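**Student:** Turn this into a model:
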Amino acid sequence: MKQIMIVGFGNMGQRIAQAIEESSDMEIAYIVKENNQPDMEKLPDRIDAVIDFSHPNHFAWLFDFIKEKRCAYVCGTTGHNEQQKQYIEELSHFVPVVFQANFSLGVAVMKEVLAMITPMLEDEFDMEIVEKHHNQKQDAPSGTAKMLLEVMNPNKQYKEVYGREGFVGKRQKEIGVHALRGGSVAGEHSAYYFGDDEILEIKHTANSRKIFVNGALHAVRFAMKQTTPKAYTMKDILFTKGA
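**Tutor:** Below you'll find the model as predicted:
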């Protein structure tokens with residue numbers, strides 16, 4: 001049985017814990033429930049993987065812990081600053097890392113679709129991103145929206161506009177990103193391409209957070225099989241034979 005440590009025990013952490021308890025190949029070695037660094041002496045010696053759906057502040061101690069244990073790291077936490085992202089990249093030189101803002105397999109496919117069609121449409125179409133989430137989500141725009149924006153604007157040729165207010169003038173060479181918050185929306189992301197007399201919308205809707213749990217467990221099983229330390233993506237997980 002693979003030994004899994006869960007960091008963060010909010011809605012996602014609880015759902016992941018339940019799924020692991022119901023699995024036949026993994027068991028929970030430890031759960032970090034508190035908001036601050038845990039007592040390091042209480043953490044188990046054997047950890048095969050860490051699943052982190054917590055807060056970026058946890059990464060300060062997680063970096064040293066994971067590096068020492070040489071365990072796989074699956075991170076769905078959003079809101080990291082640039083320095084923390086660099087440390088996660090550095091960690092991937094020592095262990096297999098899957099760092100994703102969204103663990104949905106459908107969103108992974110959506111990324112591939114946007115990467116394919118954006119170069120075909122960008123010269124003739126205006127592009128916008130709209131995301132919707134529940135009223136408890138703390139960061140905006142979502143990590144997934146930022147990820148889609150990176151796919152649509154990889155070379156930063158377009159100005160990235162986060163919402164609009166006031167007399168902003170006519171549209172420039174830009175991509176607008178808009179965040180809606182309310183109710184219990186699990187997650188909805190739309191990429192719009194506005195042309196003359198036509199609109200193309202590529203949309204993904206999460207009906208429940210179960211899809212993220214399923215994707216995270218798929219990712220952790222994949223990561224634990226890897227013998228090469230590197231940063232893996234959902235694209236690797238989807239399209240690697242035998243994953």
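
**Student:** wait, what's in contact with Lys159?
**Tutor:** Neighbour list for Lys159: 172-175 [criterion: C-beta atoms under 8 Å, 6 or more residues apart in numbering]. For glycine as for every other residue, the C-beta is placed from the backbone atoms N, C-alpha and C.

**Student:** Now do the helix or strand bottoming out on mean pLDDT in the chain: distance to the chain's middle.
**Tutor:** Across the helices and strands of the chain, the lowest-confidence element by mean pLDDT, DSSP states H and E is helix 234-239, at a mean of 84. A distance of 14 Å separates the centroid of the chain from that of helix 234-239, by C-alpha atoms, centre = their mean, to the nearest Å.

**Student:** Equivalent analysis for stretch 176-194, please.
**Tutor:** Taking C-alpha atoms, centre = their mean, one finds stretch 176-194 lying 15 Å from the centre of the chain it belongs to.

**Student:** how far does that stretch stretch from start to finish?
**Tutor:** In stretch 176-194, first residue to last residue: 12 Å (C-alpha to C-alpha, to the nearest Å).

**Student:** go on, stretch 27-40?
**Tutor:** Across its full length, stretch 27-40 reaches 20 Å between end residues, using C-alpha to C-alpha.

**Student:** Can I have the buried ones of the contacts of Lys159 as a PyMOL selection?
**Tutor:** One line in PyMOL is enough to select the buried members of those, burial here meaning 16 or more other C-beta atoms under 10 Å:
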select buried, resi 174+175
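
**Student:** I'd like the contacts of Lys159 written out as a markdown table, with secondary structure, distance to Leu238 and pLDDT added.
**Tutor:** Formatted as a markdown table, the entries for the contacts of Lys159 read as follows, by DSSP: H, G, I helix; E, B strand; the rest coil; distance: C-beta to C-beta, whole Å; pLDDT from 0 to 100:
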| residue | secondary structure | distance to Leu238 | pLDDT |
| --- | --- | --- | --- |
| Gln172 | coil | 36 | 95 |
| Lys173 | coil | 32 | 97 |
| Glu174 | strand | 31 | 98 |
| Ile175 | strand | 25 | 98 |
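
**Student:** one step back: tell me the buried residues in the least confident helix or strand of the chain?
**Tutor:** Under 16+ other C-beta under 10 Å, the buried positions of helix 234-239 are 234, 236-237.
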